[in-house]
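Colleague: what follows is a protein structure lacking sequence information:
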């Protein structure tokens, strides 16, 4: 069902994005990943191709906050393979501090990446999704329904992303486009400067989110899990 279909994954060089990319490459999809750091993208390519040497992989340096860069991303995918079937809006950042200490730059970086970046990702790929009756998946967070101290910017961006995605789902389902937001809790990743370590074994792993995306793509078109909360089974005591 999904072999040779084309998928765009933003923020695909590390963490959740990389886990999704690896899973979908293993299923024979043509995978394009974006990121802001070309070194990280090259490292991701080396890793993925070492695992799937016959896989179809495209890396594109692009910032989701810049609409013209996302337009060029879609153009490059067209030139390489054709129209996009699946979009995974995964790119995200987090700045965590009291609102007293939060800077204007941190606020704008969080909102622009986590919310406006998803908007640009959708707007630039929408005609493809209409043509292919495709699938849009956004990666939100349990922070999109659960607020906590020192997370005012992050909570605002993820609360907004959950609501935005659900409204987009209602807008687009008349075209045969499926839309889902996945809301993970604690995930082993490089998010917010963290380096994965053995003590992260209790957390959700990136490949677990990859499996979830795969399962969504294989689900019968008549059924749409529009919002999915996912959390570790047994957090540490």
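Modeller: Okay, I see it. On a predicted model such as this, the values are computed, not experimentally measured, just so you know.
Colleague: where does residue 207 fall, secondary structure wise?
Modeller: helix 206-218 (DSSP states H and E).
Colleague: next SSE downstream of that helix?
Modeller: strand 227-230.
Colleague: just give the closest residue to residue 74, not the sequence neighbours.
Modeller: residue 124 (5.0 Å; Cβ to Cβ, 6 or more residues apart in numbering). In short, each C-beta sits where N, CA and C put it, glycine included.
Colleague: gap between that neighbour and residue 3?
Modeller: For residue 124, the distance to residue 3 (Cβ to Cβ, to the nearest Å) stands at 25 Å.
Colleague: who has more neighbours, the two?
Modeller: Between residue 124 and residue 3, counted using other Cβ atoms under 10 Å, the more crowded position is residue 124 (22 against 8).
Colleague: list the contacts of the more buried one.
Modeller: 67, 70, 71, 73, 74 (Cβ atoms under 8 Å, 6 or more residues apart in numbering).
Colleague: could I get those residues as TSV with pLDDT, distance to residue 58 and secondary structure?
Modeller: Listed next are the contacts of residue 124 as TSV, based on pLDDT from 0 to 100; distance: Cβ to Cβ, whole Å; DSSP: H, G, I helix; E, B strand; the rest coil:
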residue	pLDDT	distance to residue 58	secondary structure
67	98	20	helix
70	98	14	helix
71	98	16	helix
73	98	9	helix
74	98	12	helix
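Colleague: kindly reformat those residues as a markdown table containing distance to residue 10 and neighbour count.
Modeller: Converted to a markdown table, these look like this (distance: Cβ to Cβ, whole Å; neighbours: other Cβ atoms under 10 Å):
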| residue | distance to residue 10 | neighbour count |
| --- | --- | --- |
| 67 | 13 | 16 |
| 70 | 8 | 25 |
| 71 | 13 | 15 |
| 73 | 8 | 26 |
| 74 | 11 | 23 |
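Colleague: what ranges do the strands span in this protein?
Modeller: 6-9, 30-35, 56-61, 86-89, 135-139, 178-184, 227-230 (DSSP state E).
Colleague: tell me what the fourth one is packed against?
Modeller: Packed against strand 86-89, as judged by 3 or more Cβ pairs under 8 Å, 6 or more residues apart in numbering; DSSP states H and E, are the following elements: strand 6-9, helix 15-26, helix 117-132, strand 135-139.
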